[in-house]
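> what's the 3D shape of this:
(2 chains)
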Amino acid sequence: MESVEFIQSGRKIFMKTNKNRFSYLTLKKINLLFFSIFLVLLPNFVFAAGSGMHSPIEQFVVKTLIQIKDPIFGYDISFTNASLFMVLASIVPLTLLIFGVRSAEMIPGKIQSISEMIFEFVENLLLENTGNSGRPYFSFIFTLFLLVLFGNLLGMLPYSYTFTSQIIITFFMAIIIFISVTIIGIFRHGFGFLSLFLPSGTPLVLQPLLFVIEFISYCIRPISLSVRLFANMLAGHTLLKVFGGLAVMLIGSGSIFLVPVAILPIAAIIGMTALEVLVAVLQAYVFTVLTCIYLNDALNLHH
Amino acid sequence: METEAAKLIAAGLAVAPLLGAAVGLGVLFSGIVNSMARNPSMSGELRAIAFLYFALVEATGLFGLVVAFLILFAF
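Residues are numbered from 1 along each chain as shown, chains lettered A, B, ... in the order given. A predicted model of the protein is given here:
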């Protein structure tokens, strides 16, 4: 009896919030639209006010914020804008998760449900791809996903820096994944790990050739993993800035016929910004899925 | 002057892989739409697969784009 009442009251609350949320969301959406248009337009006008044209790849320049020299070997280990956004990309999800879980309730609030959704999403991803044997590596996969996701998303803000558009950063992430996955495989299977390079049921004549091909494709993994993320981010951001430059050129021309045409590249920027947000989430997802697949290869030797 | 022109021509040629990526995306999405039409109850799973392979296929075209950017701006 009590449970029925509980369910009914819960349903009432749900209906109520649902109704409220509907009207709230539409208003919010309109606000967001205006806000995003403003955000997209603002850099254009500032750029137009500034002197001369800027190169579309100027946004990837690493600037030193705090100069630090390694006291032992004399290397330059300065705190740059890339490091700043890496720190931000680790602080923001951490704050989100801490605030989400601190006051955990039966009916989750907004922040709690977001953090729970991210958590469950990555958990399902890992367990689908590796089975139960991948469970010990969950924290690593989750951290990796959050770092790449928030690095990409923070990079979408105007005047911010996308650290995932630096090949050295993505390559370092990929090579760490590659080496650790190889070590996990060797520890689990010993020499049996080599059978990963031989698909079962190949004729004896083809085996040496196939072994070489599989080995090369295994070794090329960190490169393809890192270049995929880096190329997507680089291309997307460059494209946005190229269209921004086009709008600035049209506005700056001062001709009555050309200035109204500037609405076209600005509209294209708005559409592409939406696409870039999609790509940012998608690339974080793909990076994580591929890490899970590589981990599965090492754990279960699927061939 | 001639190297400048050669650079521009090379950058134009280097984005040719985008054609392959476009064909690949077309094949991918036609297959996904076909299977969704045949079995609509699978569409949720198929969409997840489609997004994963969309990113994988798109990346191959973007490699060419990166080479074009390198030719244009790095040399």
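
> Please report how far residue A:136 lies from residue A:284.
22 Å (CB to CB, to the nearest Å). Placement of C-beta: from N, CA and C, glycine included.

> element containing residue A:275, please.
In this structure, residue A:275 sits in helix A:263-300 according to DSSP states H and E.

> what number of residues lie near the residue lying closest to residue A:276 once chain neighbours are set aside?
Nearest residue to residue A:276, sequence neighbours excluded (CB to CB, 6 or more residues apart in numbering or on different chains): residue A:236, at 4.7 Å. Using other CB atoms under 10 Å in any protein chain shown, residue A:236 is surrounded by 25 other residues.

> Just to check, residue A:236 is in contact with residue A:277?
No - taking CB atoms under 8 Å as the definition, residue A:236 is not a contact partner of residue A:277, at 9.8 Å.

> got the contact list for the residue nearest to residue A:276?
A:272, A:275-276, A:279 (CB atoms under 8 Å, 6 or more residues apart in numbering or on different chains).

> got the residues of chain B near chain A?
Contact residues (CB under 8 Å from any CB of the partner chain) of chain B with chain A: B:51-52, B:54-56, B:58-59, B:62-63, B:65-66, B:69, B:73.

> So which of these wins on neighbours?
Using other CB under 10 Å as the neighbour test, the residues of chain B next to chain A are led by residue B:62, with 25 neighbours.

> what's the spacing between that residue and residue A:235?
5 Å.

> And residue A:293, by the same measure?
For residue A:293, the distance to residue A:235 - CB to CB - is 24 Å.

> The two: who's more crowded?
residue A:235 (23 against 13).

> who in chain A is up against chain B?
A:55, A:57, A:224, A:227-228, A:230-232, A:234-235, A:238, A:279, A:282-283, A:285-286, A:289.

> From those residues, keep the buried residues only.
Among these, those buried by neighbour count (16 or more other CB atoms under 10 Å in any protein chain shown) are A:57, A:227-228, A:230-232, A:234-235, A:238, A:279, A:282-283, A:285-286, A:289.

> before we move on, back to that, list the ones among the residues of chain B next to chain A that fall in strands.
Among those, no member falls in strands (criterion: DSSP state E).

> tell me the least confident of those residues?
pLDDT across the residues of chain B next to chain A is lowest for residue B:73, at 76.

> Apart from its neighbours in sequence, what residue is nearest the residue of the stretch 1-150 of chain A at minimum distance from chain B?
The nearest approach of the stretch 1-150 of chain A to chain B comes at residue A:57, 5.3 Å away (CB to the nearest CB). In space, and not counting its chain neighbours, residue A:57 is closest to residue B:73: 5.3 Å by CB to CB, 6+ apart.

> Residue B:64 too?
Residue B:64 sits nearest to residue B:17 (CB to CB, 6+ apart), 3.2 Å away.

> OK, contacts around that neighbour?
Residue B:17 neighbours (CB under 8 Å, 6+ apart): B:60-61, B:63-65.

> now do 10 Å
Shown in contact with residue B:17 (CB atoms under 10 Å, 6 or more residues apart in numbering or on different chains): B:60-65, B:67-68.

> Out of those residues, the closest to residue B:5 would be?
residue B:68 (15.3 Å; CB to CB).

> quick one: that closest one and residue B:11 touch, right?
Yes - the criterion here is CB atoms under 10 Å, and residue B:68 meets it with residue B:11 at 4.5 Å.

> Spit out the residues that contact residue B:62 and residue A:235 alike.
With CB under 10 Å, 6+ apart as the test, residue B:62 and residue A:235 both reach A:279, B:69.

> For residue 63, which non-adjacent residue is spatially closest?
The chain I'm using is chain A. Excluding its sequence neighbours, the residue lying closest to residue A:63 (CB to CB, 6+ apart) is residue A:81, at 5.0 Å.

> should've been chain B
In space, residue B:63 is closest to residue A:231, 5.9 Å off (CB to CB, 6+ apart).

> Would you check how far apart that neighbour and residue A:245 are?
21 Å.

> can you give me the helices for chain B?
B:2-14, B:17-38, B:43-69 (DSSP state H).

> Can you say which of the ones you listed is packed in most?
helix B:43-69 (a mean of 18; mean count of other CB atoms under 10 Å in any protein chain shown).

> From the chain's centroid, how far away is that helix?
Relative to the centre of its chain, helix B:43-69 is centred 6 Å away, using CA atoms, centre = their mean, to the nearest Å.

> now stretch A:129-145
How far stretch A:129-145 lies from its chain's middle: 17 Å, per CA atoms, centre = their mean.
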